[in-house]
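> Next one to model:
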Amino acid sequence: MSDAKKATNPSIDTAEAEPTMRAISQDHLGGPEVLHEIELPIPKPVPGQILVRVRAAGVNPTDWKHRGGAGFLPAPPFVLGWDVCGVVEKVGVGVTLFKPGDEVYGMLPYPFGVGSHAEFVVGPTRAFVPKPTTIDEVQAGALPLVSLTAWQALVDTAEVGEGDRVLIHAAAGGVGHVAVQIAKARGAYVIGTASAPKHDFVRDLGADEVVDYRETDVAEGVKDVDVVLDTLGGQNQLESLKSLRDGGVLVSTLPFPKRGLFDAATERGIRVELILVEADHASMLAISDLVESGQLRATIAQTFPLAEAAEAHRVGEEGHTTGKLVLTMGE
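Numbers count the residues shown, from 1 in each chain. Have a look, this model is predicted:
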């Protein structure tokens, strides 16, 4: 057993103590340094849940935002993480979709179903689907949150289809690089924004055009698009309206509108949707189909062992990551 800080009741005799797992927690809001490894009892699945032995878990911007207090969770302590890839350990009463030993991946219900940055996690059965056989655990652990966000934004909300012109901001980022691939799979003409060193990467994903946001005023340089996917929020929401045709659709993954956004959009008949990702069995199955057909992959920027979660947060917050960061559990 590691010398990690233990979260156990000293009044319980160790011979009778519940089996424990390693997890990354925090006692206070703050920077990456507040994260530390602890031991917690392995959770038990209730009816309609499965217990998953985690093999890989993505790290997303929402993790470090919640760590610092800019999120939806109550005050710490808590264990972060929504992405999961792993193996079913136990199933709750009434569960028929999975059996122990099945490889699964999915996203825990956002935001309050959090807790995948640990060796085990429980979640609703239908938050998970079978892991595609064409990708490894790290790839599968990277995909759920970003792919569900992109799918729900582009497909469920904007209904992107053949021939639509779609502008995707931060196209080399976690959500962005997956959104490019999903939009292309839907037959769209895709324009992505990225810094110049990342242009080849975004083109390799399938983008038809890539715009250097550092050198070009995107709002003036990109016009008459049908859909904009905004992953930046704030002023970029307002600026994105300038790229849209009248009657177009703006979907923002930052669900807090910039002042004046709806008034400005209404004047031109633009529909604005502010999306918050949801766990979704059917969408995960559709994402798996794209993975199996070779139309969708996650780019892994870097992996970290669970104990180095704080370093993963630090790297992610620097804002230069191409693709996804993933925690791995090992044996």
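> For the stretch 201-331 of the chain, just list every one of the strands.
Here the stretch 201-331 of the chain has its strands, by DSSP state E, counting those that start in this stretch, at 209-211, 225-230, 244-252, 271-274, 300-305, 324-328.
> Need these in CSV (columns: mean neighbour count).
Glycine gets a C-beta too; all of them are placed from N, C-alpha and C. Below are those laid out as CSV (neighbours: other Cβ atoms under 10 Å):
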stretch, mean neighbour count
strand 209-211, 20
strand 225-230, 26
strand 244-252, 20
strand 271-274, 17
strand 300-305, 16
strand 324-328, 24
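> possible to save these as CSV with distance to Gln237 and mean pLDDT?
Shown next, in CSV, are those (distance: least, Cβ to Cβ, whole Å; pLDDT from 0 to 100):
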stretch, distance to Gln237, mean pLDDT
strand 209-211, 17, 97
strand 225-230, 6, 98
strand 244-252, 5, 98
strand 271-274, 8, 98
strand 300-305, 26, 97
strand 324-328, 24, 98
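> Mind checking the ones you listed for the one nearest to Asp102?
Evaluated over those, closeness to Asp102 peaks at strand 324-328, with 19.6 Å, by Cβ to Cβ.
> ok, back up a step: redo the strands of the stretch 201-331 of the chain as JSON lines? Include distance to Ala153.
Converted to JSON lines, the strands of the stretch 201-331 of the chain look like this (distance: least, Cβ to Cβ, whole Å):
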{"stretch": "strand 209-211", "distance to Ala153": "19"}
{"stretch": "strand 225-230", "distance to Ala153": "6"}
{"stretch": "strand 244-252", "distance to Ala153": "4"}
{"stretch": "strand 271-274", "distance to Ala153": "8"}
{"stretch": "strand 300-305", "distance to Ala153": "22"}
{"stretch": "strand 324-328", "distance to Ala153": "17"}
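> Out of these, the one nearest Met21 is which?
Short answer: strand 324-328, nearest of those by Cβ to Cβ, at 13.7 Å.
> same for the closest one, what does it pack against?
Where contact means 3 or more Cβ pairs under 8 Å, 6 or more residues apart in numbering; DSSP states H and E, strand 324-328 is packed against strand 49-59, helix 137-142, strand 300-305, helix 309-317.
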